[in-house]
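1. I need the structure of the sequence given here:
(2 chains)
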Amino acid sequence: KAGVTQTPRYLIKTRGQQVTLSCSPISGHRSVSWYQQTPGQGLQFLFEYFSETQRNKGNFPGRFSGRQFSNSRSEMNVSTLELGDSALYLCASSLSGQVPKGDGYTFGSGTRLTVV
Amino acid sequence: GESVGLHLPTLSVQEGDNSIINCAYSNSASDYFIWYKQESGKGPQFIIDIRSNMDKRQGQRVTVLLNKTVKHLSLQIAATQPGDSAVYFCAENNDYKLSFGAGTTVTVRA
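-> Prediction:
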């Protein structure tokens, strides 16, 4: 089966711009969560969506937002980009986002965002 | 806040030897733990998971041990191969999110 698809793979933006990243989960998975990965902070949780509803949000400023569509695809947006937003943004999908029944969270390959 | 941490940032192991990667967690309410492997340029890849009602779980060449008394998690890799070179993360799952440790970089020597 197809895995988690994230687009684009690489992105270069200028400070002050905004960016939208996309994630298509595994077919049948209804939970999509987003993570930021940096060398200094490691993997940090951004937010999680299930059936178009945000169920949890990490400790990030309001410039970071997301949404989920009825087909479970998700987008995240970062407005007014800062240099510190440069990171690998990872999307993970799971069946329900709760303690899985023999399945874990499947990650995409990520979007590498560079802010200059 | 609560977090999951790894004891060593790097581990060098001879090909064919067994590897042990350790992780300490602090949230005693966590009931599900996962080990991930991340290779350069890729997202984390699921290795094995364990629920809090278990002490041990085995997969192919991998074993996860959970010690709830001391809140410790470990990943054992048998007969380590060059393809096992990667960064390994433990994570705990609660409230619809994963909390990751800092990661251990495993390098396999030929």
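
2. when you work out contacts or count neighbours from here on, use the C-alpha atoms and nothing else.
-> Noted.

3. now for the closest residue in space to B:Thr80 that isn't next to it in sequence: which residues touch it?
-> Using Cα to Cα, 6 or more residues apart in numbering or on different chains and skipping residues adjacent in sequence, the residue nearest B:Thr80 is B:Gly16, 5.0 Å away. By Cα atoms under 8 Å, 6 or more residues apart in numbering or on different chains, B:Gly16 lies in contact with B:Ala78, B:Ala79, B:Thr80, B:Gln81.

4. between those, which sits nearest chain A?
-> The closest of the contacts of B:Gly16 to chain A turns out to be B:Ala78 (Cα to the nearest Cα; 22.0 Å).

5. shouldn't that closest one be in contact with B:Val64?
-> No - using Cα atoms under 8 Å, B:Ala78 makes no contact with B:Val64, being 11.5 Å away.

6. element containing the residue nearest to B:Thr80?
-> Secondary structure from DSSP states H and E places B:Gly16 outside every helix and strand.

7. rewinding a little: which one of B:Ala78 and B:Val64 has more residues nearby?
-> B:Val64 (25 against 15; other Cα atoms under 10 Å in any protein chain shown).

8. buried stuff in stretch B:42-56?
-> Buried residues in stretch B:42-56, counted by 16 or more other Cα atoms under 10 Å in any protein chain shown: B:Gly43, B:Pro44, B:Gln45, B:Phe46, B:Ile47, B:Ile48, B:Asp49, B:Ile50, B:Arg51, B:Lys56.

9. ok, the residue nearest the centre of chain A - contacts?
-> Centroid check for chain A by Cα atoms, centre = their mean gives A:Trp34 as the closest residue, at 2.9 Å. The contact partners of A:Trp34, by Cα under 8 Å, 6+ apart, come to A:Phe45, A:Leu46, A:Phe47, A:Glu48, A:Met76, A:Tyr89, A:Leu90, A:Cys91, A:Ala92.

10. got the confidence number for the fifth one?
-> By that I understand A:Met76. A:Met76 is assigned 98 on the pLDDT scale.

11. ditto for the second one
-> According to the per-residue confidence, A:Leu46 scores 98 in pLDDT.

12. so what's the backbone phi/psi at the closest residue to it other than its chain neighbours?
-> Distance criterion Cα to Cα, 6+ apart; nearest residue to A:Leu46, sequence neighbours excluded, is A:Gly58 at 4.6 Å. Reported as degrees, to the nearest 10, the phi and psi values for A:Gly58 are phi -80, psi -180.

13. the helix or strand where B:Ile34 lies pairs with which strands?
-> Under DSSP H and E, the secondary-structure element containing B:Ile34 is strand B:32-38. In the sheet, strand B:32-38 lines up against strand B:45-51 (antiparallel), strand B:86-94 (antiparallel) (DSSP bridges).
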